[in-house]
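S.K.: A structural model of the following input is requested.
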Amino acid sequence: MRLFPALGALLLVASCTSTAAGHVSVKPAGVTTAAARASTSTTSASRVTVPATAASTTLPPPTTVTATTAPAPIPSPFQWKKCGQRIECATLAVPLDYANPGNGEVINLNVKRRTAGASSLGPLLVNPGGPGVPGTVMVDQAQDYFGKRLLDRFDLIAWDPRGTGDSDGMKCLDDVDSFLALDPTPDDQAERDAITAADQAFADGCKRNNGRVIPFIGTESSARDIDQIRLALGVGKITFLGFSYGSELGATYATLFPTNLRTMVIDGAADPTATPEDSNLQQIVGFENAFNQFLDQCAQNKKCAYYHDGDPGTAFEALMVQLDKSPLTVSSKRAKVNQGVAINAVVEVLYAEGRWSALTTALASAEKGDGAPLLALYDSYTRRNSSDEAHLFDAFITIGCLDNPGPKGAAAVEAVIAKATAVAPRLGKYLTSPSNVCAAIAPHPQQFPITGKGAGKILVVGTTGDPATPYDGTVTMAKTLENGVLLTVEANQHTGYTASQCATDTVDDVLINLKFPAPDTVC
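M.R.: Residues are numbered from 1 along each chain as shown. Just a heads-up that it's a prediction; the model follows:
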């Protein structure tokens, strides 16, 4: 029942991991690219926090099933083949099960490299987040993610983590609408049954198409893959930059292989000490805070398309009630625009302040009976038109379920929904639902305690207005790591690397020159 992320972070569902609302999800989140850079204004808004009684300061006892004392086989060196300008491609066979690495069963990782040339400092391994995002996108679109300074000094290494993209990627559904476009606030047994049926259909599809790999695509296994990549590169130490969920992946690697790091930066980290339930609540609160800021900005601007005499919040609540009663039809071939579609559209836009105006227009259109703008935002959220990320949510949900247990039983799920509604009165009831998809996919989650002990300094970047990986969680990550150094970025967007030149330069200085900022530096 986490929400990563975001990235991150993670994403959410009242039952397990990063899905929410009927199956609304808070999307698999990653770095905000330079092209999507948001405004850095910090408009004040009513802010809520998770009550102290709801927060946990200790990680539950780990139930890791991948731990092993047997060393994994040393992989063969990469056999690179040119596949683009300055880009090379390869596959790497890694053990399917690190608890039994010598049994011959493997997953073939899709790996790409963008070479820096003679001035290279060596390999920089990068991960864009998720879980579920194919990492190789960061090589294919390197100039959208990184500045010239970084690209000139490192051989950029990215891979599709196990279970994603072309690395035995999960394929559970033909059409994500059947899972995400359901009613997140079921009013009767028929609507509850629809959610249960969607859970089972999702799980059945996953097991039918990917049953061999499902038990082995959790974050700890993926972190062990990073060291296989290091060995295949033939280097003693790697440099790592991870965003959102990539922060969890990187911190796990730093805990497992602390002496194999040159340096590491993680941007947009979730609280590694929180229980899955509390992590979910923290993220729900993060989106609630961002949405309150969105509403406050609109309320103070008479030119806002959703102004409503300075009370867009009340108008939104009325619209959601109307969409529950009478969903809007955009096309006979698509899901109707109901609460589930609408809340996913809202979440999509809240990741970066620069896109907030698109939401005001979409909400105003929906009030007039036109659901097309909301459906377009929903499609952006679900990556419907992306061939590279068409099954992103399949991997996102499955990996999240493996990593994080959810509440068991109807009573426990309803208690979580009640807590979410209490801490996030506007969005909480839409970002949770009576779903038990994780119980159907991965009844035995694999948790891993993060310490970073012996890894040296790790820069942890936190953005003050990050909805998917709230700032307080990033602060906790920095404190949890043995030598975490916190960089605070003042902005309303998910992840901070592209939020300002100060943030970009500070991160680049750490990666290139091993020059860390003073403790508690603010950009």
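
S.K.: now what about whichever strand or helix holds Ala190, what contacts it?
M.R.: Ala190 is part of helix 189-210, with elements assigned from DSSP states H and E. Helix 189-210 is contacted from outside by 22-23, 163, 168, 170-173, 178-179, 182-183, 186, 214, 394, 397-398, 433-437, 440-441, using C-beta atoms under 8 Å, 6 or more residues apart in numbering. Just so you know, the C-beta spots here come from the backbone N, C-alpha and C atoms, and that holds for glycine as well.

S.K.: Please flag which of these sit within helices.
M.R.: Ser178, Phe179, Asp394, Ile397, Thr398, Val437, Ala440, Ile441 (DSSP state H).

S.K.: looking at it, the last one is touching Asp403, isn't it?
M.R.: No: using C-beta atoms under 8 Å, Ile441 is not in contact with Asp403, being 11.7 Å away.

S.K.: More neighbours: those two, which one.
M.R.: Asp403 (29 against 23; other C-beta atoms under 10 Å).

S.K.: From the contacts of helix 189-210, list just the buried residues.
M.R.: With neighbours counted by 16 or more other C-beta atoms under 10 Å, the contacts of helix 189-210 contain buried members at 22-23, 163, 168, 170, 172-173, 178-179, 182-183, 186, 214, 394, 397-398, 433-437, 440-441.

S.K.: so how far is stretch 244-264 off the chain centroid?
M.R.: 17 Å (C-alpha atoms, centre = their mean, to the nearest Å).

S.K.: Which of the residues in that stretch are classified as buried?
M.R.: Neighbour-count burial for stretch 244-264 [16+ other C-beta under 10 Å]: 244-258, 260-264.

S.K.: what's next to stretch 514-523, contact-wise?
M.R.: So stretch 514-523 is contacted by 262-263, 457, 459, 485-490, 496, 499-500, 502-503, 506, 509-510 (C-beta under 8 Å, 6+ apart).

S.K.: And the helices in the stretch 301-450 of the chain?
M.R.: For the stretch 301-450 of the chain, the helices defined by DSSP state H, counting those that start in this stretch occupy 312-325, 339-350, 356-367, 372-382, 392-403, 410-423, 437-441.

S.K.: for those helices, which one sits closest to Asp155?
M.R.: With C-beta to C-beta as the criterion, Asp155 lies closest to helix 392-403 of the helices of the stretch 301-450 of the chain, at 26.1 Å.

S.K.: what's the angle from that closest one to helix 189-210?
M.R.: 90 degrees (axes from the mean of the first three to the mean of the last three C-alpha atoms, to 10 degrees).

S.K.: Summarise which helices and strands helix 392-403 is packed against.
M.R.: Using 3 or more C-beta pairs under 8 Å, 6 or more residues apart in numbering; DSSP states H and E, the elements in contact with helix 392-403 are strand 129-130, helix 189-210, helix 219-233, helix 437-441.

S.K.: What residues sit buried inside the longest one?
M.R.: Spelled out, it's helix 189-210. By 16+ other C-beta under 10 Å, the buried positions in helix 189-210 come out as 191-192, 195-196, 198-199, 201-203, 205-206, 209-210.

S.K.: Looks like Ala90 contacts Lys82 (just checking).
M.R.: No: using C-beta under 8 Å, Ala90 is not in contact with Lys82; the gap is 10.8 Å.

S.K.: So between these two, which is more surrounded?
M.R.: Ala90 (17 against 9).

S.K.: re earlier: return the member of the ones in helices among the contacts of helix 189-210 nearest to Ala299.
M.R.: Phe179 (34.1 Å).

S.K.: Help me confirm that the closest one comes into contact with Leu173.
M.R.: Yes: with contacts counted by C-beta under 8 Å, Phe179 reaches Leu173, the gap being 5.8 Å.

S.K.: shared neighbours, those two?
M.R.: The contact lists of Phe179 and Leu173 share Ala201, Phe202, Phe393, where a contact means C-beta under 8 Å, 6+ apart.

S.K.: Where does pLDDT dip in the protein?
M.R.: 1-69, 387-388, 405-406, 443-447 (pLDDT under 70).

S.K.: As CSV, could you dump the C-alpha coordinates of the lengthiest helix in it?
M.R.: The longest helix of the chain (DSSP H) is helix 276-299. Included here for helix 276-299 are C-alpha records, laid out as CSV according to Å, rounded to 0.1, in the frame of the first residue of the first chain:
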residue,chain,number,x,y,z
PRO,A,276,3.9,0.6,4.5
GLU,A,277,0.7,2.1,6.0
ASP,A,278,2.4,5.2,7.3
SER,A,279,4.3,5.7,4.0
ASN,A,280,1.0,5.6,2.2
LEU,A,281,-0.5,8.2,4.5
GLN,A,282,2.6,10.4,4.1
GLN,A,283,2.2,10.4,0.3
ILE,A,284,-1.6,11.0,0.5
VAL,A,285,-0.8,14.0,2.6
GLY,A,286,1.8,15.2,0.1
PHE,A,287,-0.8,15.2,-2.7
GLU,A,288,-3.4,16.8,-0.4
ASN,A,289,-0.9,19.7,0.4
ALA,A,290,-0.1,20.1,-3.3
PHE,A,291,-3.8,20.2,-4.2
ASN,A,292,-4.5,22.7,-1.5
GLN,A,293,-1.8,24.9,-3.0
PHE,A,294,-3.3,24.5,-6.4
LEU,A,295,-6.7,25.5,-5.1
ASP,A,296,-5.3,28.5,-3.2
GLN,A,297,-3.5,29.8,-6.3
CYS,A,298,-6.7,29.5,-8.3
ALA,A,299,-8.8,31.2,-5.6
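
S.K.: quick one, it and helix 339-350 angle?
M.R.: 80 degrees.

S.K.: name the helices or strands packed onto helix 276-299?
M.R.: Using 3+ C-beta pairs under 8 Å, 6+ apart: helix 276-299 touches strand 3-4, strand 10, helix 312-325, helix 339-350, helix 356-367, helix 410-423, helix 471-480.

S.K.: Which of those has the highest mean neighbour count?
M.R.: Among these, strand 3-4 has the highest mean neighbour count (mean count of other C-beta atoms under 10 Å), at a mean of 38.

S.K.: could the buried residues of helix 189-210 go into TSV alongside distance to Thr463?
M.R.: Formatted as TSV, those follow (distance: C-beta to C-beta, whole Å):
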residue	distance to Thr463
Glu191	36
Arg192	37
Ile195	33
Thr196	37
Ala198	33
Asp199	33
Ala201	36
Phe202	32
Ala203	34
Gly205	35
Cys206	33
Asn209	36
Asn210	34
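
S.K.: Right, I'll leave it there.
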